[in-house]
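1. Curious how this folds, go ahead:
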Amino acid sequence: MNGSFDPETLRLLDETREVHIETQRDENSAAHRTIVWVVVVDGEVYVRSVRGPKGRWYREISTNPSGALHTGDRRIPVRAAPATDDPITAAVSDAYRSKYEQDWPGPTAAMVRPDALPTTLKLSPA
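-> Next up, the predicted model:
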């Protein structure tokens, strides 16, 4: 597994407003796709559950950290890891505000609520 995404993938994810995240409960379960917002902070890729820990995709990828992001015709295999230290969650919240707040203020406010912060995940190439 490589440590970080290549510059082209980082640029694509930084510029893409919504992506689908593919998750599954376990290796023998059906895969599910859900639209999520993705942000790039200091060359790293992050996602967060707007529904907090109740989000199905979040529960699945927390149990089985292998997944994928889909944007256009690209499937980007990922591995998720918690990213819950305060400086990271604050930087990710700032990135969500910067990328989404002007067009979607209500949903952006939901993404930076205190109960959503612990669901911040760093995605690495799988």
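2. Return the set of buried residues in the biggest helix by length in the chain.
-> For the chain, the longest helix by residue count, based on DSSP state H, is helix 86-100. Applying a neighbour-count criterion of 16 or more other C-beta atoms under 10 Å, one finds 88, 89, 91, 92, 93, 95, 96, 97, 99, 100 buried in helix 86-100. The way it works is simple: take the backbone N, C-alpha and C, and place the C-beta from them, glycine included.
3. how long is stretch 15-32 end to end?
-> 24 Å (C-alpha to C-alpha, to the nearest Å).
4. pLDDT averaged over it, what's the number?
-> Mean per-residue pLDDT for stretch 15-32: 95.
5. Mind listing what's buried along it?
-> 19, 21, 22, 23, 24.
6. Quick check: chain neighbours aside, which residue is closest to the third one?
-> Sequence neighbours aside, residue 68 is the residue nearest to residue 22 in space, at 4.2 Å (criterion: C-beta to C-beta, 6 or more residues apart in numbering).
7. pretty sure that neighbour contacts residue 78?
-> Yes: with contacts defined as C-beta atoms under 8 Å, residue 68 counts as touching residue 78 at a distance of 6.0 Å.
8. before we move on, what SS does the residue with the largest distance to the centre of the chain have?
-> Centroid-distance maximum for the chain: residue 28 at 22.9 Å, with C-alpha atoms, centre = their mean. Of the three states, residue 28 takes coil according to DSSP: H, G, I helix; E, B strand; the rest coil.
9. And the most centrally placed residue in the chain, its phi and psi?
-> Centroid-nearest residue in the chain, with C-alpha atoms, centre = their mean: residue 47, separated by 1.9 Å. Main-chain dihedrals, residue 47, degrees, to the nearest 10: phi -130, psi 160.
10. List the contacts of it.
-> 21, 36, 37, 38, 39, 80, 120, 121, 123 (C-beta atoms under 8 Å, 6 or more residues apart in numbering).
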